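S.K.: no sequence for this one, just the structure:
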């Protein structure tokens, strides 16, 4: 195309057209280059797909309280008393269990206005009423219970093939029913048969030579036995559920099996389980106003101090030591902490 230099408008249109053609060619060239694969040395690895798990973790269950009741029914001595009352707190956030004995001789004012031993509520009205009475004494609500009788205890020990204990003192136990020979125990580590485990759980009158309150020592021994049962239950965490299912036939409880299994799994979610064991106020005396019964005062302020620590998931030992130091046996300490390794 020939443009006349004497026609400025035509020249201007020509330059614009050429510029548009160059721009179009440049765009095609750039597009062509972008479509070509880069050399291997310049290629970037494909970006990894980021998978976001936005499913929230299930909430940790609130702590649970269970009252473990040892029913001392024995042949013609039936119905029995709650000769053992052990308050068990399950803390799933801390993978922790706290065992607190509620002394059987604790004074309690019954609905008829009479003062008697707290453990008599089981005889009068059953485990639900025993839970209510214990709740009143300790200051926390307790509705769950497990009742274990002497036959059930022996069945549990038999299942485990015996029970290892380390007795702080030797003793001779005389059956108060006078229908069986005495059982003699040496101090130190030993494995108990089902019968001897049952007898030891009852023994509280054979520690007279120690100079300490005999019921206190029995409480220490019973908590040691309970801690050992917990260790055995978690000896193989994968089998804990099967064991709980089996044990249902040996106890009476209002806790559904599904809840038991879920709680056991929650407690085993960490590498270890910490077990604190202690007691509420255990010192007492013969009280004339209660007909000469040996009773432990309710001691609500002391219970408040102990349960404040327990309810907060803390080790209750410091709170207990304030009022137990003068009467505590060095061979049978009131407060003990045991760590169960789940590895």
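M.R.: Yep, it's here. A quick note: this is a predicted structure, and the numbers were derived from the prediction, not measured.
S.K.: all helices for this protein, in order.
M.R.: 8-35, 120-125, 127-138, 150-160, 194-202, 214-233, 240-247, 257-267, 300-311, 317-324 (DSSP state H).
S.K.: hey, least reliable of those helices by pLDDT?
M.R.: Averaged per stretch, pLDDT over the helices of the chain is lowest on helix 8-35, reaching a mean of 37.
S.K.: and residue 343, what pLDDT?
M.R.: Looking at residue 343, its pLDDT stands at 82.
S.K.: do I have it right that it meets residue 271?
M.R.: Yes. The criterion here is Cβ atoms under 8 Å, and residue 343 meets it with residue 271 at 6.0 Å. For glycine as for every other residue, the C-beta is placed from the backbone atoms N, C-alpha and C.
S.K.: quick one: which of those two has more around it?
M.R.: Under the criterion of other Cβ atoms under 10 Å, the comparison of residue 343 against residue 271 puts residue 271 first, with 11 against 5.
S.K.: and the gap between residue 89 and residue 200?
M.R.: Note on residue 89: its distance to residue 200, by Cβ to Cβ, to the nearest Å, is 25 Å.
S.K.: excluding chain neighbours, what is closest to residue 62?
M.R.: Computed as Cβ to Cβ, 6 or more residues apart in numbering, the closest residue to residue 62 that is not its neighbour in sequence is residue 92, at 8.0 Å.
S.K.: residue 298 too?
M.R.: Spatially, and ignoring its direct neighbours in sequence, residue 298 is nearest to residue 107 (5.5 Å; Cβ to Cβ, 6+ apart).
S.K.: so what pairs up with that neighbour in the strands?
M.R.: On DSSP bridges, the residues paired with residue 107 through beta bridges are residue 117.
S.K.: quick one: buried residues of stretch 248-267?
M.R.: Residues of stretch 248-267 classed as buried under the neighbour-count rule (16 or more other Cβ atoms under 10 Å) are 250-251, 253, 260, 263-264, 266-267.
S.K.: ok, back up a step: got the contact list for the residue nearest to residue 298?
M.R.: Contact partners of residue 107, counting by Cβ atoms under 8 Å, 6 or more residues apart in numbering, are 115-118, 284, 287, 290, 295-298.
S.K.: please redo it, this time with the cut-off set to 7 Å
M.R.: By Cβ atoms under 7 Å, 6 or more residues apart in numbering, the contact set of residue 107 is 115, 290, 295-298.
S.K.: same check on residue 254?
M.R.: The neighbourhood of residue 254, defined by Cβ under 7 Å, 6+ apart, consists of 144-145.
S.K.: pLDDT value on it, please?
M.R.: According to the model's per-residue confidence, residue 254 sits at a pLDDT of 98.
S.K.: burial check on the closest residue to residue 159 other than its chain neighbours, number of neighbours?
M.R.: The shortest distance from residue 159 to any non-neighbouring residue, by Cβ to Cβ, 6+ apart, is to residue 246 (7.0 Å). A count of nearby residues for residue 246, using other Cβ under 10 Å, gives 13.
S.K.: likewise for residue 58?
M.R.: By the criterion of other Cβ under 10 Å, residue 58 has 7 neighbours.
S.K.: for residue 92, see how far away it is.
M.R.: For residue 58, the distance to residue 92 equals 11 Å [Cβ to Cβ].
S.K.: cool, and residue 141?
M.R.: From residue 141 to residue 92 the distance is 18 Å (Cβ to Cβ).
S.K.: higher neighbour count, those two?
M.R.: With neighbours defined as other Cβ under 10 Å, residue 141 and residue 92 compare such that residue 92 has more, 19 against 11.
S.K.: that one and residue 61 touch, don't they?
M.R.: Yes. Between residue 92 and residue 61 there is a contact under Cβ atoms under 7 Å: 5.0 Å.
S.K.: any common contacting residues for these two?
M.R.: With contacts defined as Cβ under 7 Å, 6+ apart, the residues adjacent to both residue 92 and residue 61 are residue 266.
S.K.: state the distance from the closest residue in space to residue 321 that isn't next to it in sequence to residue 162.
M.R.: Closest residue to residue 321 apart from its sequence neighbours, by Cβ to Cβ, 6+ apart: residue 335 at 7.0 Å. Distance of residue 335 to residue 162, computed by Cβ to Cβ: 27 Å.
S.K.: ditto for residue 120
M.R.: The gap separating residue 120 from residue 162 is 33 Å, by Cβ to Cβ.
S.K.: and these two? which has more neighbours close in?
M.R.: residue 120 (17 against 14).
S.K.: residues in contact with residue 70?
M.R.: By Cβ under 7 Å, 6+ apart, residue 70 lies in contact with 82-84, 148, 201.
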